[in-house]
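1. the sequence isn't on hand, but the structure is:
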């Protein structure tokens, strides 16, 4: 098995590992199988929703502003959501036999071409727009790296699926630009340097870069080797966000890893910490670093879960203040879909790797809440935004910040991890839905 | 009575006017008096909160990030909130005998000096920071005119109270810059012009300018004459936001007053429409334009109130979509303090001017909800952010967007209007808390 596939399918590495199922193995197996089926069915429904409603057949790319029933309520195209959907379709096409369908591939290619044609505001400069009109004219530019990161992920996956070198060239050139903005000179992002603004680091930046390192290095030993230093740097930077003697993950720290003053310094985002958790877990597993793995589970899984879970109504808070003060963000107590999908991935990955039943129990707890509250049994896909008490606050299925990404990524990864867990328990059964890598992938790497 | 004072005290203009109190005048008078007392007491408590907790005795200026009990949870200084508090203190000092106290004047002057010293990012360029560190170093700059507008209001009021020409020079220079950004060349604001971004107008811009025209022209016939054209232009631009055959006030329209496509075009903000309503009402009253007055009451008071009031839980929604779709803003259904204070001003002003009892009933309805839900009987001031169901969502009393402004402005204006209404009903009684203009105000104008 190639290195990259291990990354995606981290749980498959230790088929002989004990799973802590000392109690009733049959019952446990049954629960796991029920969840596997539930997750797989849900993935089918979610993918169907996006296939049915989001494709712009005329101009290419995807509509992501979709109402509860899938109706387009705005035709703006958010670049990062375009990139995410291209990536997601390619991943599904590449990893799941049942999704290896021309309609996914063609839509991904149309989305990729839309991005190639329109994403960059003033080529050859690499800066991408944040949002485009339906026909590709730039509406807004953000002074961050995130549109460019998802552009890169889309291009790399398209290359893996199609073998077309144009896509990979784009991915590699954009990656060089991103790394240069982050590590050398951020001036191209257009953010003014102001004397009162602390030199701070948002955890999102090294997280995103670590994710890109994993993406580009998949099944490419040479590239993985070259970018190992970058991966180490990212992991180190993320780990600096554990503060207060290991008692809190803070979203923003100073350049040299100290707590910042005021709200900015105390800001916490439990979902983000959990997402960083499974990025780091994957990183620790790849490097065979058991000590780091334990640290990550402790600080990026259990700590944000226990402090971020609402004891009154269930669900993860969106934002918190490390001193327990009231956050200033109006939506702080709302329950958003993505922290819950990230938590599902993180705890199932943690359990798959350690066999610790406490982690499996948390996976079940989060998954029950999530399926009960976010899932829309009537029209498909998930609601994105609940009030603190778990009632739906926004009925939209997609918008400026929600597209075809977190939900299907969560379901696809959980389906694979559950399959692998079941395979370990009953090696003879034919559970796998996973297929070998598609077509002309990994050119040059093998 | 000078023109400017009429503006502030619009209700005092028609002492002989019928008040629609055909029913039980004594009972009505009693209710008005009870509200007047309630409002005046609340104003005292609110001013005391800011006097007790917000003054930075060391560096000048104000802390506005205050927790429920007034504790400073962040020492950042938001320029527009600094300007608003200076303005508010000066207004209270100038208009209310009981607030003509050195501690208000001295704090206002210290805030004004802080702004003079630090607000402009790179003088002599007029662009102001959005937020400063406690000691005045710029942290963030917004590409809008709002910091500069409140800077101007602060300086003009300081001049009115102190007679110091430095303040008025600053106000007039900044006003010239703002008008030039809005009407001639916005490039100094630093916003990139992108081919996909529609040339749109946010209602906030002409509203803010109209407010400035009123402020600078108060008791200054010459300046009022010069800026009359600007005031007319602002009113015209605001009125363009009435769309769909008079059935909706839209927050954003095209430069030539057409509805824009998508969410941007359908976006509604009932509190903002109501605030624009009383700005326009004041403008119509000044010009003696009864037809415009009726139009404003219909379109900017009754329409947003009836569409924006939550039939289930009461209170005004923060955002709405003109097609009744789900807004994409997470906080759309929350109840914020300021739309309610603006509604109180708007409906009491509307009633004071027309005597229409329907407007008084709405004032009572909004005021009851507001005092019941937002007021904090324990620590003073008002909560700013409630969930849809009216429960407190954020316990803070001040933050990046809430300072010493909307609440005391509302209470001060309502106290004056209620006083004037009561004076009309019982001219012999000694109700007035209002004092003659203070010290060396209106230099040059009289």
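-> Looks like it came in fine. None of the values given here were measured: they were computed from a predicted structure.
2. SS state for the residue lying farthest from the centre of chain A?
-> No residue in chain A sits farther from the centre than residue A:195, which is 34.1 Å out by CA atoms, centre = their mean. When classified by DSSP: H, G, I helix; E, B strand; the rest coil, residue A:195 comes out as coil.
3. where's it relative to chain B, distance?
-> Distance, residue A:195 to chain B, by CB to the nearest CB, to the nearest Å: 5 Å. Yep, even glycine has a C-beta here, placed from its N, CA and C like the rest.
4. now do the contacts for that residue.
-> Counting by CB atoms under 8 Å, 6 or more residues apart in numbering or on different chains, residue A:195 touches B:137, B:138.
5. report pLDDT for it.
-> Note on residue A:195: pLDDT of 93.
6. same question for residue A:390.
-> For residue A:390, the predicted pLDDT is 98.
7. now do residue A:427
-> At residue A:427, pLDDT is 55.
8. what parts of the stretch 201-350 of chain A come near chain B?
-> A:261, A:262, A:263, A:325, A:326, A:327, A:328, A:330, A:331, A:332, A:333, A:334 (CB under 8 Å from any CB of the partner chain).
9. what comes up buried for the helix or strand containing residue A:360?
-> Assigned by DSSP states H and E, residue A:360 belongs to helix A:357-373. Neighbour-count burial for helix A:357-373 flags A:359, A:360, A:362, A:363, A:364, A:366, A:367, A:369, A:370, A:371, A:373 (criterion: 16 or more other CB atoms under 10 Å in any protein chain shown).
10. again, but for stretch A:59-72
-> Neighbour-count burial for stretch A:59-72 [16+ other CB under 10 Å]: A:59, A:60, A:61, A:62, A:63, A:64, A:65, A:66, A:67, A:68, A:70, A:72.
11. got the contact list for the helix or strand harbouring residue A:295?
-> Residue A:295 is part of helix A:290-296, with elements assigned from DSSP H and E. For helix A:290-296, the surrounding residues in contact (CB under 8 Å, 6+ apart) are A:239, A:277, A:280, A:281, A:283, A:284, A:285, A:353, A:354.
12. and the fourth one, how many residues sit next to it?
-> What that stands for is residue A:281. 24 (other CB atoms under 10 Å in any protein chain shown).
13. next secondary structure element downstream of the helix or strand hosting residue A:41?
-> Using DSSP H and E, residue A:41 sits in helix A:25-53. Tracing the chain past helix A:25-53, the next element assigned as helix or strand by DSSP H and E is strand A:65-66.
14. ok, the helix or strand that that following strand is followed by: who's next to it in the sheet?
-> Using DSSP H and E, the next helix or strand after strand A:65-66 towards the C-terminus is strand A:72-74. Its sheet considered, strand A:72-74 pairs with strand A:65-66 (antiparallel) by DSSP bridges.
15. chain center to the partner strand: distance?
-> Distance of strand A:65-66 from its chain centroid, counting by CA atoms, centre = their mean, to the nearest Å, is 20 Å.
16. ok, now stretch A:262-279?
-> Distance, centroid of stretch A:262-279 to centroid of chain: 14 Å (CA atoms, centre = their mean).
17. cool, and stretch A:349-368?
-> Worked out by CA atoms, centre = their mean, stretch A:349-368 lies 18 Å from the chain centre.
18. just stretch A:215-233 next, same as before
-> That offset, for stretch A:215-233, works out to 19 Å (CA atoms, centre = their mean).
19. do the same with stretch A:356-373
-> Using CA atoms, centre = their mean, the offset of stretch A:356-373 from its chain centre is 18 Å.
20. can you list the buried residues in the helix holding residue A:295?
-> Neighbour-count burial for helix A:290-296 [16+ other CB under 10 Å]: A:292, A:293, A:295, A:296.
21. could you export the residues you listed as CSV, including distance to residue A:252 and pLDDT?
-> What follows is these, written out as CSV (distance: CB to CB, whole Å; pLDDT from 0 to 100):
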residue, distance to residue A:252, pLDDT
A:292, 23, 98
A:293, 25, 98
A:295, 21, 98
A:296, 20, 98
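22. what's the farthest-apart pair in the residues you listed?
-> Spatial extent of these (CB to CB) is set by the pair A:293 and A:295 at 7.3 Å.
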